[in-house]
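Trainee: make a model of this:
(one chain, ligands or ions: 1)
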Amino acid sequence: MRMFDVIAKKRDGETLSKEELQFVIDGYVSGQIPDYQMSALLMAIYLRGMTDQETAQLTDIMAHSGDMVDLSAIHGIKVDKHSTGGVGDKTTLVITPIVAACGVKIAKMSGRGLGHTGGTVDKMESVPGTRTSLDRQEFFDQVNRIGISVIGQSGNLAPADKKIYALRDVTATIGCVPLIASSIMSKKLAAGSDCILLDVKTGNGAFMKTLDGSIQLAQAMVAIGAHNGRKVAALITDMDTPLGYNIGNSLEVIESVEVLKGRGPADLTEVCYQLAANMLLLAGKGTLAECRKMVEEAVASGAAYEKLKQMFAAQGGDVSVLDDPDKFAKAKYSREIRADQSGWLYATNTEMIGNASVLLGAGRIKKEDTIDFAAGIVLHKKAGDRVEKGDLLATFYAEDEGKFASAEEMYRGALTFRDEKPVLPELVMARVTEEGVERF
Ligand code: URA
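Mentor: Next up, the predicted model:
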């Protein structure tokens, strides 16, 4: 087999066979296929697409390019979730303890921040002492003992995706449904859970900017799951505006705790409740209405918050900061950002707000940058709010005062004021399962 012929076949819009896909992935991971040929194939896929069968086979081969985690040592059904990434998206920290408190096991590997979006592992590490790297046995034992562990991606999980993703990043081939779907799902299949709930973000702060594009991506991922014997469903949720009010690592932990104590912001609470209920549904805990009730009870009884504390304590975290957020390390400087005009805050460019928080130190500009856990933004106004000149729009936190000017410029550039009140999108816009698409 020759890579030249595989590229030509896809360039001409044909379907690649399983053997050809295996040849490509083996050859690229081993270094026999050079970047320039792989780039040409990726662009051909970008332009010509892939069938569902091709995408599922590619995903399976990528998943098997490294370790396939065997979670059978953990008793019961294991449910995973994945968010395609957003700003202020702290849902994992809320949902996983809720689901575990309802008796479904969570053995989850999460990621770090990427670009303008944050990552669960960075947020967890803002709680002093927390270990996000456990060896396999400790991970399994913890899940068997308390029902939950969330750690960083360990071992050699889907190395083919790691190499291909880096190439896609520099060859303008990221925004392609079969490539995104196979990238995400190869890691999820390798991570070993029985059921996977996908939170596909849509809007100006998400990878997929339109509802139709997000539904298409969700359908591709659900089909991959079905093809590989996993139960997968997806919710399409809004990312036209940051989720909740806090952006930045310890700030997001504090807001997650507020939701678990039953006093979090309405948007974050509702999205988390719907995601958690759908995870319980996938795990077979009852009808959607019954699962929703279980979620509400787990929060109202305090069981979900207790579960979060148990997880942090088991992983070495100082849980006293969860009970008393004043104990979190504080940013040295803060700056109030006030409105210089009156009007309705009509829309916000969510990606730019995420980037403003990265400029304050909450994320990485380069891979090797260290994170400032206390840095970030607390929003006081969001899209849909009425604002009068001089009102407090946001408070910035940083370790270095010099960071405020560029972050403020970025943040102010993200705001659109108008005289009329905007109509905001639904928080949860659709649900995608093997049975089809339900739009809300
Ligand atoms: N996240 C991934 O893991 N892969 C993609 O291709 C896009 C988002």
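Trainee: which secondary structure element contains residue 313?
Mentor: The secondary structure element spanning residue 313 is helix 303-314 (assigned by DSSP states H and E).
Trainee: pLDDT weak spots in the stretch 251-400 of the chain?
Mentor: Within the stretch 251-400 of the chain, the segments meeting pLDDT under 70 span 367.
Trainee: tell me the bridge partners for the most centrally placed residue in the chain.
Mentor: If you average the C-alpha coordinates of the chain and look for the closest C-alpha using CA atoms, centre = their mean, you land on residue 83, 3.0 Å from that point. According to DSSP bridges, the partner residues bridging residue 83 are residue 199.
Trainee: my read: it touches residue 92, true?
Mentor: Yes: with contacts defined as CB atoms under 8 Å, residue 83 counts as touching residue 92 at a distance of 7.1 Å. C-beta here means a position set from N, CA and C on the backbone, and glycine is covered the same way.
Trainee: ok, which stretches of the protein are strands?
Mentor: Listed from the start of the chain, the chain has strands (DSSP state E) covering 79-83, 106-110, 148-152, 195-202, 231-238, 246-247, 333-338, 343-348, 376-379, 386-387, 392-398, 415-418, 428-433, 436-439.
Trainee: most tightly packed of the ones you listed?
Mentor: Per-residue neighbour counts averaged over each of those give the maximum for strand 246-247, namely a mean of 28 (mean count of other CB atoms under 10 Å).
Trainee: can you list contacts of that strand?
Mentor: Residues lying outside strand 246-247 but in contact with it, judged by CB atoms under 8 Å, 6 or more residues apart in numbering, are 87-88, 90, 118, 252, 254-255, 353-354, 357, 362, 376-379.
Trainee: that one pairs with which strands?
Mentor: Strand 246-247 is paired, per DSSP bridges, with strand 376-379 (antiparallel).
Trainee: touching the strand it pairs with from outside, list them.
Mentor: Where contact means CB under 8 Å, 6+ apart, the residues beyond strand 376-379 that reach it are 242, 245-252, 353, 356-357, 360, 362, 393-397, 411.
Trainee: how does this protein divide into domains?
Mentor: Following automatic domain parsing, one gets these domains for the chain: 3-49, 79-156+164-323+428-439, 331-418.
Trainee: now render these as TSV, adding distance to the ligand.
Mentor: As requested, the domains of the chain are exported to TSV (distance: least, CB to the nearest ligand atom, whole Å):
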stretch	distance to the ligand
domain 3-49	11
domain 79-156+164-323+428-439	3
domain 331-418	14
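Trainee: tell me which of those is the most buried.
Mentor: By mean neighbour count, with neighbours taken as mean count of other CB under 10 Å, domain 79-156+164-323+428-439 ranks first of the domains of the chain at a mean of 21.
Trainee: what is the end-to-end distance of it?
Mentor: Using CA to CA, to the nearest Å, the end-to-end distance of domain 79-156+164-323+428-439 comes out at 24 Å.
Trainee: let the chain start at 15 from now.
Mentor: From this message on, residue numbering opens at 15, which makes the last subject domain 93-170+178-337+442-453.
Trainee: now stretch 349-369: how far from the chain's centre is it?
Mentor: Computed by CA atoms, centre = their mean, to the nearest Å, the chain-centroid distance of stretch 349-369 equals 23 Å.
Trainee: show me what contacts residue 389?
Mentor: With contacts taken as CB under 8 Å, 6+ apart, residue 389 has the following neighbours: 262-263, 345, 371, 374-376, 411-413, 417.
Trainee: and for residue 67?
Mentor: Contacts for residue 67 were tallied using CB under 8 Å, 6+ apart; they are 29, 241.
Trainee: and if you look at residue 446?
Mentor: 214, 229, 232-233, 236, 247-250, 452.
Trainee: mind jotting down where the helices sit in the stretch 15-164 of the chain?
Mentor: Across the stretch 15-164 of the chain, reading from the start of the chain, the helices by DSSP state H, counting those that start in this stretch fall at 17-25, 32-44, 49-62, 66-77, 105-115, 134-139, 150-160.
Trainee: which one, of the domains of the chain, ends up nearest to residue 77?
Mentor: Ranking the domains of the chain by distance to residue 77, with CB to CB as the measure, places domain 93-170+178-337+442-453 first at 4.1 Å.
Trainee: follow-up on the earlier one: format the contacts of residue 446 as a markdown table; extra columns: pLDDT and distance to residue 305.
Mentor: Putting the contacts of residue 446 into a markdown table (pLDDT from 0 to 100; distance: CB to CB, whole Å) gives the following:
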| residue | pLDDT | distance to residue 305 |
| --- | --- | --- |
| 214 | 97 | 20 |
| 229 | 96 | 23 |
| 232 | 97 | 20 |
| 233 | 95 | 23 |
| 236 | 96 | 19 |
| 247 | 97 | 12 |
| 248 | 98 | 16 |
| 249 | 98 | 13 |
| 250 | 98 | 19 |
| 452 | 95 | 16 |
